[in-house]
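Enquirer: Sequence and predicted structure, then a few things I'm wondering about:
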Amino acid sequence: METTLHTRREFLRTSALGAAAAWTLPVFLEKTFFALDAMAADAATQAATGKDNTILVVLQMAGGNDGLNMVVPFADDIYYRSRPKLALPADKILKLDDYAGLNGKLTGLKALFDEGHLAVVQGVGYPNPNRSHFRSTEIWQTASDADRTESQGWLGKYFDSCCAGADPTVGVAIGEQTPQAFVAKRPTGVTFSKPEQFRWQPSEKGGGALSAEEVFFRQLNGMEDDAAAVPTDGGSINTIAGGNKPNQSALDFLQRTALDAQLSSEKILAIARKYKSTIPYPPGPLSASLSMIARMIAGGLPTRVYYASQGGFDTHAGQLNAHDRLMTGFNDALTAFVADLKQQGNFDRVMLMTFSEFGRRVAENANGGTDHGAAAPMFVLGGKVKAGLFGKYPSLSELDHGDLKFNTDFRAVYGTILEKWLKAPSETVLGRKFTTLPLVG
Amino acid sequence: MFDTLPSRDWNSEAAAHLLNRAGFGGTPDEVESAHKQGLTATVDRVVEGATAENGSFPAPAWAHPENIKERRMEIRAAKEEGGTEGIDKMKEFRQMQNANVLDLRRWWLERMATTSTPLLEKMTLFWHGHFATSAEKVQNGYWMWLQNETLRHHALGNFVALTKAMSRDPAMMIYLDLQQSQKEHPNENWARELMELFTVGIGNYSENDIRESARAFTGYRVDMTNQQFRFAVRQYDAGQKSFMGKTGTLTGDDIIDILAAQPACAQFIAKKLWRFFVEDEPSPRIVDGLAARIRQHKYEMRPVLREMFCSAEFYAPAVRLTQIKSPVQYLVQTTKLLGADLPAPPVAQNAMRQMGQLLFAPPNVKGWDGGKAWVSTSTLLFRYNFANYLINGDAMRPAARGPAMATVPPRNPIDVAKIVPAELRDKPGELVTLLCQRLFGGPGPERERTAFVQFLEKRAPDTSDQTMRELLHLMMSTPQFQLT
């Protein structure tokens, strides 16, 4: 805890302030540190930063990925009967056992499986599956029961309960929107898509030394100088930051976010400029996100959870080619990412988990596509992951409204990752205990 | 509870607070005129004046129903013929709908920015978040526009009537799959959300209530030949239903009446209303008090709003300038305060998306969480940089340019003379006071004021337009500017 605190202060001073005037920490931040000291005794709190900690990468396959054509039950006649147009021929399948195998495009993942670094969890879902994208995504993001609406995300709850006082970059989402999984009581984590845009742009053109505008901007966004730290305003009750108002929570929150943004933006930009991979990544947005994550890992950003997503899985029509392209993009991006991590020597520190809000219906529809379904497989991969098939392939004959029945609750996978990989108390985060799977070797 | 604000407390800051919360903010002139007018007269104007007639605005040219059924048949026929014509036709139809929704966003933002009845638009926005429906699923500009007009029509009217109207609203019916509900298999999506999110809130109904009420809403259909609601009597389950202690051949409207009679319903609406207009965490005393007024007025919103905007609680110092502006509020209020035009539609659309509140596309049926959820590191930095674009124009274009942005006309820097008087340019103290009044709705935060003045002093003798624009950007690149 000492170390974390110290590092954060150091970080505040060195990376953001440089040779500027003498600054002190803003009051609201000091408050945070007091609270942090008090929490040090709490077993749930852990030092969340550091170069040696484990890292989780969450990869969302948005739109409802067709699990049946990703992990294919090639030995099952029902599969072929249900999908006259969409079933993949058995000889193209990369066999994992004598019943199921990977989509033929997933050659990199098959290699990982053979090396012992890919776990395939079959038949993952939850009771009373919801077939709405929005609602089911929300269920996966908040780890709630299907009949409960919760607003906080499961990773947000992890940040709240286990990473209090951590560097803002403890959670990094690549994209424009903070994923709901990150939503927390006390927001932590940063979201950005392009590091060069993740910074305040002054009106002035031209570079070089810090402009007057930029110096003042920094002063206005979290850093108080000593002179101004003395409360000067007692007269007006309507001032925004007058030191005498009892309820400053919205302002405190904004100031902290502003500071987080400013501090992390410098760090992220610096890493993005310094670390470039020599591993070639294929084109495409997922590839770009994973490549950015690899750079951040190489640069030692103190992040525990990265989040990336790939869209386009809602294949109601003309699925064959579309899903092929998606699988190719997915495979190639992941293969490059793994090669990159191996080259960095970080593969053993990283675990990547995929999920999609639901699988798709067993039977194909009239438009050469598939409709919203239920249970589907998840991939978990990494240097320390125990390879193999987990759970069991759901029966293709005993269906629930035409959909596969789950046998592994997705929260058992979350719980395993929390307990075994992030070393966090899963019950605190998920609200109850789920059976742990032997995914980590 | 809800005593009228004493007239000695009605000052220009109170007036600014009312215009901010009941609308999209006021310029210093508008604030001053409201102040002079007095509390009662101003609230009268704001609340009683907010009628559909006063706030009328021409509909977009494309906003009329069409025969979707015919259109779908054409596409299907072309597809069956083979070749690419069917797919082209389908693409063309989708692109047209996307263009219509883009234009619909322009239309509403312009309406908010120019209306003489801002409360009407603010309440419509409130209901849009409450009866959240997304064009991403509905995929049709006309239906989204129609729903928006229905929300507006009832915005300050009766909540029960509005809820019944929403149960027959095609966009809502499509969004919550009500139009697919069959007598044999009643769809429970609408029934569940009606209770959980629109009326009584979670914990105030049983699973059996959901199943029974789902039966009552069977037969609700959308006529695809004219895009209107239609009741299919043969699909309606006319049997006995038991719902919240009442038994009978209950209809959908009966269900809504029973829900409105639950104490939890008024509580639920009261809390949401106070959160939207006043503070994130209302005390139980406030919620109970407001719920009692809602019941007293039988869910008529106009008298409830009137009492709310006159109340001392609404003007409590602890709630002033503590609300994080929603992205839509930010966009409309900022352009207004800068005396600038709204950004071009694709820019506005992109900005709303990146700030986390894209009109006609709430993230899910719960609507926008609001409050602190508006702000993350990326949305805050985006706001700061977007302020730069609003002030300086194309010199600073925000974020990525998709294909839609290629057609965006250039944006010029704002006309500084509109808001910065020439005679104050070389008087940093007075200038900052004036601009704080405009941008922060008050004297402004002390520490920040000092920084703004120092910035001008550092720049002296340069008092160019560019320096003034930098000052404005600096003022808007603060946590405080995000509050209203």
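Expert: Great, that's in hand. All of these numbers come straight from a predicted model, not from anything done at the bench.
Enquirer: Please make it C-alpha for all contacts and neighbour counts, starting now.
Expert: Will do.
Enquirer: just the helices in the stretch 201-350 of chain A please.
Expert: Along the stretch 201-350 of chain A, counting by DSSP state H, counting those that start in this stretch, helices occupy A:212-220, A:226-229, A:249-274, A:285-298, A:319-344.
Enquirer: again, but for the stretch 51-200 of chain A
Expert: Using DSSP H, counting those that start in this stretch, helices in the stretch 51-200 of chain A cover A:77-82, A:107-115, A:133-142, A:154-162.
Enquirer: Quick check: which of these is buried the most?
Expert: helix A:154-162 (a mean of 25; mean count of other Cα atoms under 10 Å in any protein chain shown).
Enquirer: same for that one, what does it pack against?
Expert: For helix A:154-162, the elements it packs on are helix A:426-430, judged by 3 or more Cα pairs under 8 Å, 6 or more residues apart in numbering or on different chains; DSSP states H and E.
Enquirer: One more pass at 6 Å, please.
Expert: If you count contacts as 3 or more Cα pairs under 6 Å, 6 or more residues apart in numbering or on different chains; DSSP states H and E, helix A:154-162 packs onto no helix or strand.
Enquirer: ok, so what distance separates the closest residue to chain B within the stretch 1-150 of chain A from residue B:362?
Expert: Per Cα to the nearest Cα, residue A:134 is where the stretch 1-150 of chain A lies closest to chain B, at 5.8 Å. To residue B:362, residue A:134 is 10 Å away according to Cα to Cα, to the nearest Å.
Enquirer: Let's see the strand or helix carrying residue B:259 as CSV, backbone CA atoms only.
Expert: Assigned by DSSP states H and E, residue B:259 falls within helix B:252-260. In CSV, the C-alpha atoms belonging to helix B:252-260 read as follows (Å, rounded to 0.1, in the frame of the first residue of the first chain):
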residue,chain,number,x,y,z
GLY,B,252,-54.1,-2.9,-21.3
ASP,B,253,-55.6,0.5,-20.3
ASP,B,254,-57.0,-1.2,-17.2
ILE,B,255,-53.6,-2.4,-16.3
ILE,B,256,-52.1,1.1,-16.6
ASP,B,257,-54.9,2.5,-14.4
ILE,B,258,-54.3,-0.1,-11.8
LEU,B,259,-50.6,0.7,-11.8
ALA,B,260,-51.1,4.4,-11.6
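Enquirer: Can you point out the buried residues in it?
Expert: B:252, B:253, B:254, B:255, B:256, B:258, B:259, B:260 (16 or more other Cα atoms under 10 Å in any protein chain shown).
Enquirer: how close does the nearest residue to residue B:235 once chain neighbours are set aside get to residue A:279?
Expert: Nearest non-adjacent residue to residue B:235, counting by Cα to Cα, 6 or more residues apart in numbering or on different chains: residue B:219, 4.4 Å away. Counting by Cα to Cα, the gap between residue B:219 and residue A:279 amounts to 59 Å.
Enquirer: Between those two, which is the more surrounded one?
Expert: residue B:219 (24 against 14; other Cα atoms under 10 Å in any protein chain shown).
Enquirer: which ones are touching the more buried one?
Expert: B:231, B:232, B:233, B:235, B:236 (Cα atoms under 6 Å, 6 or more residues apart in numbering or on different chains).
Enquirer: Could you do residue A:178 as well?
Expert: With Cα under 6 Å, 6+ apart, residue A:178 has these contacts: residue A:191.
Enquirer: what residue ranges in the stretch 251-400 of chain A score low on pLDDT?
Expert: Applying pLDDT under 70 to the stretch 251-400 of chain A flags no residue at all.
Enquirer: Ignoring the adjacent residues along the chain, who's closest to the closest residue to chain B within it?
Expert: Of all residues in the stretch 251-400 of chain A, residue A:261 sits closest to chain B, at 4.7 Å by Cα to the nearest Cα. Leaving aside its sequence neighbours, residue A:261 sits nearest to residue B:377 (Cα to Cα, 6+ apart; 4.7 Å).
Enquirer: Return the per-residue confidence for the one you found.
Expert: Per-residue pLDDT puts residue B:377 at 82.
Enquirer: From residue A:85, how far out is the most far-flung residue of chain B relative to its centre?
Expert: Farthest-out residue of chain B from its mean C-alpha position, per Cα atoms, centre = their mean: residue B:81, at 44.7 Å. Separation of residue B:81 from residue A:85 (Cα to Cα): 20 Å.
Enquirer: got the contact list for the residue most central in space within chain A?
Expert: Nearest to the mean C-alpha position of chain A, by Cα atoms, centre = their mean, lies residue A:307 at 2.3 Å. Taking Cα under 6 Å, 6+ apart as the criterion, residue A:307 is in contact with A:57, A:58, A:173.
Enquirer: on that earlier part again, turn the helices of the stretch 51-200 of chain A into a markdown table, columns for mean pLDDT.
Expert: Converted to a markdown table, these look like this (pLDDT from 0 to 100):
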| stretch | mean pLDDT |
| --- | --- |
| helix A:77-82 | 97 |
| helix A:107-115 | 98 |
| helix A:133-142 | 89 |
| helix A:154-162 | 93 |
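Enquirer: of the contacts of residue B:219, closest to residue B:388?
Expert: Of all the contacts of residue B:219, the one sitting nearest residue B:388 is residue B:231; the distance, using Cα to Cα, is 51.6 Å.
Enquirer: Find the nearest non-adjacent residue to that closest one, please.
Expert: Per Cα to Cα, 6+ apart, closest to residue B:231 is residue B:220, 5.1 Å.
Enquirer: quick one: pLDDT of that neighbour?
Expert: Confidence score, pLDDT, at residue B:220: 97.
Enquirer: Roughly how far does it sit from residue B:130?
Expert: In terms of Cα to Cα, residue B:220 sits 21 Å off from residue B:130.
Enquirer: about what we covered before: include distance to residue B:58 when you put the helices of the stretch 51-200 of chain A into CSV, please.
Expert: As requested, the helices of the stretch 51-200 of chain A are exported to CSV (distance: least, Cα to Cα, whole Å):
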stretch, distance to residue B:58
helix A:77-82, 52
helix A:107-115, 57
helix A:133-142, 33
helix A:154-162, 45
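Enquirer: mind checking which of the ones you listed is nearest residue B:225?
Expert: The nearest among the helices of the stretch 51-200 of chain A, by Cα to Cα, is helix A:133-142 at 27.8 Å.
Enquirer: just checking, what packs against that closest one?
Expert: If you count contacts as 3+ Cα pairs under 6 Å, 6+ apart, helix A:133-142 packs onto no helix or strand.
Enquirer: Direction-wise, compare that helix with helix A:154-162 and give the angle.
Expert: Using axes from the mean of the first three to the mean of the last three Cα atoms, to 10 degrees, the direction of helix A:133-142 lies 20 degrees away from that of helix A:154-162.
Enquirer: Local confidence estimate at residue A:33?
Expert: According to the model, residue A:33 scores 36 on pLDDT.
Enquirer: no no, residue A:9
Expert: At residue A:9, the pLDDT recorded in the model is 36.
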